[in-house]
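Participant: my questions are about this predicted structure, shown below with the sequence.
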Protein chains: 2
Amino acid sequence: MSEWFDATGAIDTVKIGDRGFQYGDGLFETIAIRGGQPRLWDYHMDRLSGGCKRLAIRMPARDELSQGLGNALRHSSAVDQGLAKLVLTAGDGRRGYGRAYADVPFVCYGVFEAALPPRDSYREGVVTAVCGTRLAVNPTTAGLKTLGRLEQVLARSELAATEAYEGLTMDVDGNIICGTMSNLFVVHRSELSTPSLARCGVEGVMRRHVMVTLAEQGIRAEIRTLTLAEMNESDEIFICNSQFGVLPVRRCGEHCWPVGEITRSVMAALAANGIAECRL
Amino acid sequence: MSEWFDATGAIDTVKIGDRGFQYGDGLFETIAIRGGQPRLWDYHMDRLSGGCKRLAIRMPARDELSQGLGNALRHSSAVDQGLAKLVLTAGDGRRGYGRAYADVPFVCYGVFEAALPPRDSYREGVVTAVCGTRLAVNPTTAGLKTLGRLEQVLARSELAATEAYEGLTMDVDGNIICGTMSNLFVVHRSELSTPSLARCGVEGVMRRHVMVTLAEQGIRAEIRTLTLAEMNESDEIFICNSQFGVLPVRRCGEHCWPVGEITRSVMAALAANGIAECRL
């Protein structure tokens, strides 16, 4: 039984000449499926669209992608609470970095069971670790969820023998950027901030949803450079992603934090704004 | 007729769950085939082996890879003067960055016609351009030929409407690193040097062969940081890769260079050391 689909049905392979395989020439979205429907779909499409513009990949119409995902969900068993991965590549091409002969993008949809953390993680927080693997600094692809994710693979592999739920990654200059699969917010003297992603990292859709939700309450999260020392000195930390919503961080290495008032209020605001997991 | 092969025969697809496709979790080699045989095979295997160690991907035995390539060449029409691409990935895996469930590497071999520049390029030099696309700085993957080559794709696409044969790329700090598909040497007051690849770029096998060939003649090429200004002020420039060997650069943007004595002597040395294209 295939977990993967294209516009016409189940698939389990991709053309070996596909530029996604050959060069990482593509983008993806990891979308939460709740009650059979994609969550934060518009945000996912906004990010994908922005990525396609920056990489000069032709983006199919949003309706076409929505229909494709709908088909995949109808044919999959994991539809109620699930995780969908939408992969968009520059398509099947001739050998060579240039894209001249590849202008028909390839789209596929993977549907999986949701893999959510235990419920008590939301109340008590999760353990994280700072990864030794650093993120490359490059404004060209900063913020994008490209198919080249080797840094995340290596960072994630560092956690294999640890109790950490998530690994936090720094750029080569020692600034904290994001988690291997999440974005990060810190609270310092009641002020919220989140690392800038102008030089590296992925602009998560849940990060955007957190900021929009806060803004609707008149609360601003500052986007800024955040050193490891500043993170360690903060009063509260939480991470977010499209699947789990928001999770408090209770420990990172030797540094411990309480699940603070502001983190709780952010979670309550999100719970009231479509992210049911955040309801304590 | 497939251009791609695995150990058992022709293939035209790869598993969609392959980590090479999903995450760029793999490496490749682009190998010149001359007289039906892979050229600089040991150097390619050395680089691949070093990459596998750094990425913790299990490398198949060299003999196994040699046999696999041999099979591919026997079944291909482009065997005498050709280009083989050996792709090695972390294999088919479960979703998620961690590699716990993917420990059987996938290997495939593409065989293509050689695409060599016109003969007069070797005598008169080629035109290059400095690309706007910058290379990310990251010691973790610096030097490796990973499957994530989006920077090269974007840099190469800048050349589409130009007469440039190759694009030279800088890191985010403005140092010249290498070409989109080649390495670079400059001559300054009769001294040879080539940019350091400790922070980004690909350690080309022909770069190594050039340095080894020079060393056998008692000539040392210095590995160093090279700014664009320093490159522009140099007396001679040449580029090298596994396919074309060595090519003089006669122009980059507004800067012109002669095909100098030292470049000619390097080409002569290479021609005498197995790289027939360099014979003028």
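Facilitator: Sure, I can see it.

Participant: only C-alpha atoms from now on, for both contacts and neighbour counts.
Facilitator: Will do.

Participant: chain neighbours aside, what residue packs nearest to residue A:201?
Facilitator: Closest residue in space to residue A:201, ignoring its immediate chain neighbours: residue A:143 at 5.3 Å, by CA to CA, 6 or more residues apart in numbering or on different chains.

Participant: what bridges to that neighbour?
Facilitator: residue A:202 (DSSP bridges).

Participant: tell me the residues of chain A that contact chain B?
Facilitator: A:4, A:11-17, A:20-25, A:55, A:97-99, A:133-138, A:140, A:147-154, A:156-157, A:160, A:172 (CA under 8 Å from any CA of the partner chain).

Participant: ok, the spatially most central residue of chain A to chain B distance?
Facilitator: Chain A has residue A:204 as the residue nearest its centroid, 4.6 Å off, counting by CA atoms, centre = their mean. Applying CA to the nearest CA, to the nearest Å, the value for residue A:204 to chain B is 16 Å.

Participant: is it true that that residue touches residue A:242?
Facilitator: Yes. The pair residue A:204 and residue A:242 passes the contact test of CA atoms under 8 Å, sitting 7.3 Å apart.

Participant: which residues in the stretch 101-250 of chain A form strands?
Facilitator: Ranges of strands in the stretch 101-250 of chain A, per DSSP state E, counting those that start in this stretch, are A:106-113, A:126-130, A:166-170, A:176-179, A:183-188, A:191-195, A:222-224, A:236-241, A:245-252.

Participant: format those strands as TSV; extra columns: distance to residue B:184, mean pLDDT and mean neighbour count.
Facilitator: Output for those, formatted as TSV (distance: least, CA to CA, whole Å; pLDDT from 0 to 100; neighbours: other CA atoms under 10 Å in any protein chain shown):
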stretch	distance to residue B:184	mean pLDDT	mean neighbour count
strand A:106-113	35	95	23
strand A:126-130	36	98	21
strand A:166-170	31	98	25
strand A:176-179	33	98	27
strand A:183-188	38	98	23
strand A:191-195	36	97	20
strand A:222-224	37	97	14
strand A:236-241	42	98	26
strand A:245-252	43	98	24
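
Participant: nearest to residue B:187, out of the ones you listed?
Facilitator: strand A:166-170 (37.3 Å; CA to CA).

Participant: and the closest one, how far out from the chain's middle?
Facilitator: Centroid separation for strand A:166-170 versus its chain: 13 Å, with CA atoms, centre = their mean, to the nearest Å.

Participant: paired strands for it, with orientation please.
Facilitator: strand A:126-130 (parallel), strand A:176-179 (antiparallel).

Participant: distance to residue A:259 added to those, as a markdown table?
Facilitator: Formatted as a markdown table, these follow (distance: least, CA to CA, whole Å):
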| stretch | distance to residue A:259 |
| --- | --- |
| strand A:126-130 | 10 |
| strand A:176-179 | 18 |
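
Participant: out of the strands of the stretch 101-250 of chain A, which gets nearest to residue A:93?
Facilitator: Closest to residue A:93 of the strands of the stretch 101-250 of chain A, according to CA to CA: strand A:106-113, at 10.7 Å.

Participant: tell me what that closest one is packed against?
Facilitator: Using 3 or more CA pairs under 8 Å, 6 or more residues apart in numbering or on different chains; DSSP states H and E as the contact test, the elements touching strand A:106-113 are strand A:4-5, helix A:62-74, strand A:81-89.

Participant: which stretches of chain A have low pLDDT?
Facilitator: A:1-2, A:78, A:100-102 (pLDDT under 70).

Participant: cutoff 80 now
Facilitator: A:1-2, A:77-79, A:93-103 (pLDDT under 80).

Participant: picking that back up, can you select the buried ones among the residues of chain A next to chain B for me in ChimeraX?
Facilitator: In ChimeraX syntax, the buried subset of the residues of chain A next to chain B is picked out as below (16 or more other CA atoms under 10 Å in any protein chain shown):
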select /A:4,11,12,13,14,15,16,17,20,21,22,23,24,25,55,97,98,99,133,134,135,136,137,138,140,147,148,149,150,151,152,153,154,156,157,172
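
Participant: narrow the residues of chain A next to chain B to those in helices?
Facilitator: A:20-23, A:55, A:150-154, A:156-157 (DSSP state H).

Participant: which pair in the residues you listed has the greatest spatial separation?
Facilitator: Longest span within those, CA to CA: A:55 and A:157, 28.2 Å.

Participant: what's the closest non-adjacent residue to residue A:237?
Facilitator: residue A:186 (4.5 Å).

Participant: what is the one you found paired to in the beta sheet?
Facilitator: Counting by DSSP bridges, the residues bridging with residue A:186 are residue A:193, residue A:237.

Participant: distance check, it against residue A:223.
Facilitator: Here residue A:186 is placed at a distance of 11 Å from residue A:223 (CA to CA, to the nearest Å).

Participant: just residue A:257 next, same as before
Facilitator: 21 Å.

Participant: before we move on, the earlier item: which of the strands of the stretch 101-250 of chain A sits closest to residue B:194?
Facilitator: strand A:166-170 (29.4 Å).

Participant: tilt between the closest one and strand A:236-241?
Facilitator: 100 degrees (axes from the mean of the first three to the mean of the last three CA atoms, to 10 degrees).

Participant: what residues are up against the closest residue to residue A:16 other than its chain neighbours?
Facilitator: Excluding the flanking residues, the one nearest residue A:16 by CA to CA, 6+ apart is residue B:13, at 4.4 Å. The contact partners of residue B:13, by CA atoms under 8 Å, 6 or more residues apart in numbering or on different chains, come to A:13-17.

Participant: how about residue A:172?
Facilitator: A:134-137, B:137-138.

Participant: got the phi and psi for it?
Facilitator: phi -70, psi -10 (degrees, to the nearest 10).

Participant: do residue A:7 as well
Facilitator: Main-chain torsions, residue A:7, degrees, to the nearest 10: phi -60, psi -20.

Participant: thinking again about what came up before, the residue nearest to residue A:201 contacts residue A:198, correct?
Facilitator: Yes. At 6.8 Å, residue A:143 counts as touching residue A:198 under the criterion of CA under 8 Å.

Participant: for stretch A:213-220, how far is the first residue from the last?
Facilitator: Termini of stretch A:213-220 sit 10 Å apart (CA to CA).

Participant: and the residue of the stretch 151-280 of chain A that's closest to chain B?
Facilitator: residue A:153 (4.7 Å; CA to the nearest CA).

Participant: which residues sit against stretch A:265-279?
Facilitator: Applying CA under 8 Å, 6+ apart, the contact partners of stretch A:265-279 are A:122, A:210, A:213-214, A:244-247, A:280.

Participant: can you check stretch A:48-60 too?
Facilitator: Taking CA under 8 Å, 6+ apart as the rule, stretch A:48-60 contacts A:26-29, A:89-90, A:103-105, A:140, A:144-145, B:154.

Participant: would you confirm that residue A:158 contacts residue A:129?
Facilitator: No. Applying CA under 8 Å as the test, residue A:158 and residue A:129 come out as separate, 9.3 Å apart.

Participant: what sits against residue A:12?
Facilitator: A:2-5, B:15-17.

Participant: which of the residues you listed sits closest to residue A:74?
Facilitator: residue A:5 (10.6 Å).

Participant: hang on, the closest one packs against residue A:70?
Facilitator: No. Counting by CA under 8 Å, residue A:5 does not reach residue A:70; the two are 10.5 Å apart.

Participant: more neighbours: which of those two?
Facilitator: More crowded of residue A:5 and residue A:70, by other CA atoms under 10 Å in any protein chain shown: residue A:5, with 25 against 18.
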